[in-house]
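Undergrad: any chance you could fold what I've pasted below:
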Amino acid sequence: MTTPNDIRTALLLGHEVALLDVRHEAAFATGHPLFAAHLAFDRVELEATIRLPRKDVPIVLYDDGEGYVSAAAKALTALGYTDVDALEGSLAAWRAAGFEVFEDVNSYSKAFGELVEARRHTPWLAAEDVAALIEEKADIAILDARRFEEYATMNIPGSTSVPGAELVLRVAEAVPDPDTTIIVNCAGRTRSIIGTQSLINAGIPNRVVALRNGTIGWTLAGQSLAHGSDRPAPEVRQIDEAAPTARAVAYRAGVKHLTPAELTVLERDTSRTLYRFDVRRPDEYVAGHIAGFRSYPGGQLVQETDIAAPVRGARIVLADDIGPRADMTASWLAQMGWDVFVVDGGFDGLLETGPGPTIPPGDPAHRYKRPYEGTDNAAAAMQAYLDWEYGLVDQLARDGTHGFYVI
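TA: You can find the predicted model right below:
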């Protein structure tokens, strides 16, 4: 069996490992190792081949004494996975070793966002201050960095939907006046921090701030949200400025770029797991994408890296027909410790169409109720979630395995 110390060593040395929590998501959210990924024992047949593309990748399974590991191992073996092991002593042994346990979902992406804010002192405004600016009709533009579906459910009044990876690409059309103050929001904290810092890293001339604590902070401040809004960012007319700017940010982060021919060589290396993601909007992906690439819009990929790429230590290649979205997304993944590449080109040949490989939704009864989604969350739950996020930087320091850096 694999011990907790074995896992820690693999993480510190950058070796590939898929540490999988095979409980249901609601239980996973109560506590797990930083780089554990959730794959419920009864969802292995639905998800494994998409999320674990290399059949001989080292896989280590654990639960918290429920007895799910054997069923998950049997299902993985039946699918052809050849290196499946259990975590000795399961989650209890991880705790007994004195290692950190992180709550919630997408925990290391959220912890990374908190580290970015702490290191870069990402500027922000409180909900009360933003509400006052709206009231006085100040020269501001509020850009919502979440998925459009989340934005349409509830949003800051007057805001425009510009999902995270689209910000640098579309900001010139969305906010043409450099004197306009840009306020970036999400539901909680991570995507607003990353979105704000993306625009700052890109050096746009506007003042850019995050709405502190997003729609959660807005709600806790007693402000009303709009519902059913439909204000997407305008289409891009030219990318002459966005493309080199995004490329420069990626270069600073250490992102590598590949030609399609070089990607073919990388794909032949069967000793490493390779994830390939198209980070454009889903409608663009459906209209035509490079064969073998899966749709994962860049802002969500940074937010949900544990879901998209559960093999820590794997390689990631991003595709974007015009470049800036892949470059900006890659810049963040590189800072999160990933070996990440951007493929330049590949869209001028024969493309596949359609939605590509998708994972069906799970049973709502097993889903963790996120305090930042929907419109019926209790104030106490929202505040507890914020308090948890505030403590993530200290928890990262105690854990010591993350390998994150901030440019």
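Undergrad: so what's Ala380 scoring on pLDDT?
TA: For Ala380, the pLDDT comes out at 89.
Undergrad: after the strand or helix carrying it, next one along is what?
TA: Using DSSP states H and E, Ala380 sits within helix 379-390. Next along the chain after helix 379-390, taking DSSP H and E as the criterion, comes helix 392-399.
Undergrad: what is the orientation angle of that next one with helix 379-390?
TA: Interaxial angle of helix 392-399 relative to helix 379-390 (axes from the mean of the first three to the mean of the last three C-alpha atoms, to 10 degrees): 50 degrees.
Undergrad: what average pLDDT does helix 392-399 get?
TA: 97.
Undergrad: buried set for it?
TA: For helix 392-399, burial by neighbour count (16 or more other C-beta atoms under 10 Å) applies to Leu392, Val393, Gln395, Leu396, Asp399. Every residue, glycine included, has its C-beta placed from N, CA and C.
Undergrad: contacts only, for the third one.
TA: To tie it back to what came earlier, the one meant is Gln395. Contacts for Gln395 (C-beta atoms under 8 Å, 6 or more residues apart in numbering) come out as Glu100, Phe102, Ala111.
Undergrad: what sits opposite the second one in the beta ladder?
TA: Pointing back at Phe102 there. His32 (DSSP bridges).
Undergrad: wait, what's in contact with the spatially closest residue to Ala118 that is not a sequence neighbour?
TA: Spatial nearest neighbour of Ala118, chain neighbours left out: Val393 (5.0 Å); criterion: C-beta to C-beta, 6 or more residues apart in numbering. Contacts for Val393 (C-beta under 8 Å, 6+ apart) come out as Ala111, Glu114, Leu115, Ala118.
Undergrad: which members of these are positioned in helices?
TA: Among the contacts of Val393, DSSP state H puts Ala111, Glu114, Leu115, Ala118 in helices.
Undergrad: how about these, which pair is most distant?
TA: Ala111 and Ala118 (10.5 Å; C-beta to C-beta).
Undergrad: any idea how far the lowest-mean-pLDDT helix or strand in the chain is from the chain center?
TA: Taking mean pLDDT, DSSP states H and E as the measure, the helix or strand of the chain with the lowest value is helix 379-390, at a mean of 91. Its chain's C-alpha centre and that of helix 379-390 lie 20 Å apart, by C-alpha atoms, centre = their mean, to the nearest Å.
Undergrad: same thing with stretch 76-96?
TA: 25 Å.
Undergrad: from the opening residue of that stretch to its closing one, how far?
TA: 28 Å (C-alpha to C-alpha, to the nearest Å).
Undergrad: quick one: mean pLDDT over that stretch.
TA: 98.
Undergrad: do the same with stretch 220-240
TA: According to the model, stretch 220-240 has a mean pLDDT of 90.
Undergrad: what of stretch 33-47?
TA: On average, stretch 33-47 scores 98.
Undergrad: what packs against the helix or strand harbouring Asp129?
TA: Asp129 is part of helix 127-135, with elements assigned from DSSP H and E. Counting contacts by 3 or more C-beta pairs under 8 Å, 6 or more residues apart in numbering; DSSP states H and E, helix 127-135 is packed against strand 140-144, strand 181-185, helix 214-220.
Undergrad: would you mark the buried spots in the following helix or strand past the first one?
TA: For strand 140-144, the following helix or strand on the C-terminal side (DSSP H and E) is helix 148-153. Applying a neighbour-count criterion of 16+ other C-beta under 10 Å, the buried positions in helix 148-153 are Phe148, Glu150, Tyr151, Ala152, Thr153.
Undergrad: which residues does the nearest residue to the third one once chain neighbours are set aside contact?
TA: The spatially closest residue to Tyr151, leaving aside those adjacent along the chain, is Ser161, at 4.2 Å (C-beta to C-beta, 6+ apart). Residues in contact with Ser161, defined by C-beta under 8 Å, 6+ apart, are Asp144, Arg146, Phe148, Tyr151, Ala152, Asn155, Ser229, Arg231, Pro232, Ala233.
Undergrad: what is the nearest of the residues you listed to Ala96?
TA: Taking the contacts of Ser161 together and measuring to Ala96 by C-beta to C-beta, the closest member is Arg146, at 38.5 Å.
Undergrad: show me what contacts that closest one?
TA: Arg146 touches Ser161, Pro163, Gly164, Cys186, Ala187, Arg191, Gly299, counting by C-beta under 8 Å, 6+ apart.
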